[in-house]
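A.B. asks: Kindly return the folded structure for what I paste below:
(chains A and B)
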Amino acid sequence: MLILTCPYCGVAADETELAPGGEAHLRRHGPDSSDSDFEAYLFLRRNPRGLHLERWRHAHGCGKWFHAARDTMTMEVLGTYPAQVTAPPPEIVHASDADTA
Amino acid sequence: MKHYSAFAIAREALRGHTGWERAWRKASPKKRYDVVIVGAGGHGLATAYYLGKNHGIRNVAILEKGWLGGGNTGRNTTIIRSNYLQDPSAAIYEKARSLYETMSQDLNYNVMYSPRGVMMLAQTEHEVRGYRRTAHANALQGVDTQFISPERVKELCPIIELRGPRYPVLGALWQPRAGTARHDAVAWGYARACSDMGMDIIQKCEVTGVRSENGQVSGVETSQGAIDCGKLCIVVAGHSGHLAEMAGFRLPIESVALQALVSEPIKPCMDVVVMANTVHGYMSQSDKGEMVIGGGADGYNNYTQRGSFHHIEETVRALIETFPMISRLKMLRQWGGIVDMTGDRSPIISKTPLGNCFINCGWGTGGFKAIPGSGWATAEMVARGEPGPLAAEFCMNRFREGRFIDESVAAGVAH
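C.D. replies: Residues are numbered from 1 along each chain as shown, chains lettered A, B, ... in the order given. The predicted structure follows:
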């Protein structure tokens, strides 16, 4: 069972208490964007073998959206962080670098 | 290749079974092939087989990271059906189903195709309407399906509880010609036939890089050295994104684990396949007597071939509602396979940004049933350089152009 700690209420929540929200930090394109831009935004995904940054919602808890960094090969969770950012905090990036080194 | 027959069994019985030969040759890579296929699962092997059989292209290598048929080909619930809503899906799945009917004769290998019939239960008014619509669509597509009454459901499968605790059975979409086959035998049969045509099946050979020049693939780097190729075809299911990244393009795919489990073997108690999609579970009985149960797919991408534990409880709960008699069965084995999900839940059989590189992926939770049709269509595309009528609608540009083949609702399995 995957367990993520909600960065808002601090609860270590089982995945049955959470709703997955897919890849994080996708950039939505503006009104003048091309079909290819929108294809990338809507459908193309990194789908990495390794570190994956993703959105989750603490659906059966405080209800907040948040971010998690998880390894898709080992299911190791490298950390969770609030939703109001466009990139992961440096310590998570460093932790994943140390993992792959 | 020695022909398998009743006579061969009798002959070998008389001489202590010393005359059987390997089903396929062990091969080491040559320097160059006309076509290199990455992935020796059902779809890759079927592509190779029809390249040789239908198009006369036999200088072919099939590279496999692990062992032949060890991925999703050996991890599914072996259900074969073609009762899809959309025309392009019905066409390719029906082609596949019809090829399954004669596959044992065609390959001289018993794939144990059993057209025992598949029923998809309608347990809400919406499902009744949806399946009636599918039955009408199937009639126009030439796929033989009917919407049947609850009484007929009970007749065909007496162990079903029509008045379950949550959802009553209101009818079912019934495809009498659908069924199951022996999944390993499909891979082995194709492998034997490909090897017989002179193709090289190279196991434990992982592709580590794709070489390209001027928008054309020139070869692949592998754990067994570099191999040049005239054309490259990527058929690696869950790991398609990884291979595409090596080749320098992205795919509209996310990989998740899908689970299945089997029970201890019991005496024959159901001779049809039943899918209950509202409560989400499906079940059939194997020839060994095990109840073969399909479970849920994870909601988040991963490559663990294991799956979330709670799906087992949800699946078993759904099936006990539907078949109360299984409540005391012990489950023997559980496993997961990495399936490649596209945005519209339909597959991709497509050319790629690299001129001589082709891809077949995105079968998601329903790849086994499609193997022969998929191989047929992919071989046609690789041989001619352009997709034929079966594959054309499944090109990957459809996501950019908005021409989705929307089976999210119609695929029969809640995703």
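
A.B. asks: the helices in chain A, which residues?
C.D. replies: Using DSSP state H, the helices of chain A run over A:35-42, A:90-100.

A.B. asks: Save those helices as CSV, and put in mean neighbour count and mean pLDDT too.
C.D. replies: Glycine gets a C-beta too; all of them are placed from N, C-alpha and C. As requested, the helices of chain A are exported to CSV (neighbours: other C-beta atoms under 10 Å in any protein chain shown; pLDDT from 0 to 100):
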stretch, mean neighbour count, mean pLDDT
helix A:35-42, 15, 92
helix A:90-100, 13, 75
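
A.B. asks: Using TSV, lay out those together with distance to residue A:9.
C.D. replies: Formatted as TSV, the helices of chain A follow (distance: least, C-beta to C-beta, whole Å):
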stretch	distance to residue A:9
helix A:35-42	30
helix A:90-100	20
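
A.B. asks: quick one: which of these is nearest chain B?
C.D. replies: Proximity to chain B (C-beta to the nearest C-beta) singles out helix A:35-42 among these, at 4.1 Å.

A.B. asks: what's next to that closest one, contact-wise?
C.D. replies: A:26, A:27, A:28, A:29, B:250, B:252, B:343, B:399, B:400, B:401 (C-beta atoms under 8 Å, 6 or more residues apart in numbering or on different chains).

A.B. asks: so how far is it from its chain's centroid?
C.D. replies: With C-alpha atoms, centre = their mean, to the nearest Å as the basis, helix A:35-42 stands 20 Å off its chain's centre.

A.B. asks: got the CA coordinates for it in PDB?
C.D. replies: Output in PDB follows, covering the C-alpha atoms of helix A:35-42 (Å, rounded to 0.1, in the frame of the first residue of the first chain):
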ATOM      1  CA  ASP A  35      -2.200  22.000 -32.100                       C
ATOM      2  CA  SER A  36       1.100  20.400 -31.100                       C
ATOM      3  CA  ASP A  37       1.400  22.500 -28.000                       C
ATOM      4  CA  PHE A  38      -2.100  21.400 -26.900                       C
ATOM      5  CA  GLU A  39      -1.400  17.700 -27.800                       C
ATOM      6  CA  ALA A  40       1.700  18.000 -25.500                       C
ATOM      7  CA  TYR A  41      -0.400  19.600 -22.700                       C
ATOM      8  CA  LEU A  42      -3.300  17.200 -22.900                       C
END
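
A.B. asks: show me what contacts residue A:68?
C.D. replies: By C-beta under 8 Å, 6+ apart, the neighbours of residue A:68 are A:4, A:53, A:54, A:55, A:56, A:77, A:79, A:80, A:81.

A.B. asks: Quick check on those residues: which are buried?
C.D. replies: Neighbour-count burial (16 or more other C-beta atoms under 10 Å in any protein chain shown) applied to the contacts of residue A:68 gives A:4, A:53, A:54, A:55, A:56, A:79, A:80, A:81.

A.B. asks: Close to chain B as well: tell me which of those residues qualify.
C.D. replies: By C-beta under 8 Å from any C-beta of the partner chain, the members of these lying near chain B are residue A:54.

A.B. asks: Name the nearest of the buried ones among the contacts of residue A:68 relative to residue B:24.
C.D. replies: Nearest to residue B:24 out of the buried ones among the contacts of residue A:68 is residue A:54 (C-beta to C-beta; 41.3 Å).

A.B. asks: Now do the contacts for the closest one.
C.D. replies: Taking C-beta under 8 Å, 6+ apart, one finds A:20, A:21, A:22, A:23, A:24, A:67, A:68, A:69, A:70, B:300 in contact with residue A:54.

A.B. asks: So it versus residue B:97, what's the distance?
C.D. replies: Separation of residue A:54 from residue B:97 (C-beta to C-beta, to the nearest Å): 37 Å.

A.B. asks: Start and end of stretch A:3-17, how far apart?
C.D. replies: 9 Å (C-alpha to C-alpha, to the nearest Å).

A.B. asks: Who does residue B:359 form a beta bridge with?
C.D. replies: residue B:234, residue B:350 (DSSP bridges).

A.B. asks: Please verify my assumption that it contacts residue B:342.
C.D. replies: No - look at residue B:359 against residue B:342 with C-beta atoms under 8 Å: they stay out of range, at 11.7 Å.

A.B. asks: Identify the contacts common to those two.
C.D. replies: By the contact definition C-beta under 8 Å, 6+ apart, residue B:359 and residue B:342 are jointly contacted by residue B:348.

A.B. asks: Return the closest of the contacts of residue A:54 with respect to residue B:80.
C.D. replies: Of all the contacts of residue A:54, residue B:300 has the smallest distance to residue B:80: 29.2 Å, by C-beta to C-beta.

A.B. asks: which residues does the closest one contact?
C.D. replies: A:2, A:20, A:22, A:54, A:70, B:256.

A.B. asks: For it, give me the pLDDT.
C.D. replies: For residue B:300, the pLDDT comes out at 94.

A.B. asks: what about it, which helix or strand?
C.D. replies: Residue B:300 is part of no helix or strand when elements are defined by DSSP states H and E.

A.B. asks: hang on, the earlier thing: which of the contacts of residue B:300 fall in strands?
C.D. replies: Of the positions in the contacts of residue B:300, A:20, A:22, A:54, A:70, B:256 sit in strands, assigned by DSSP state E.
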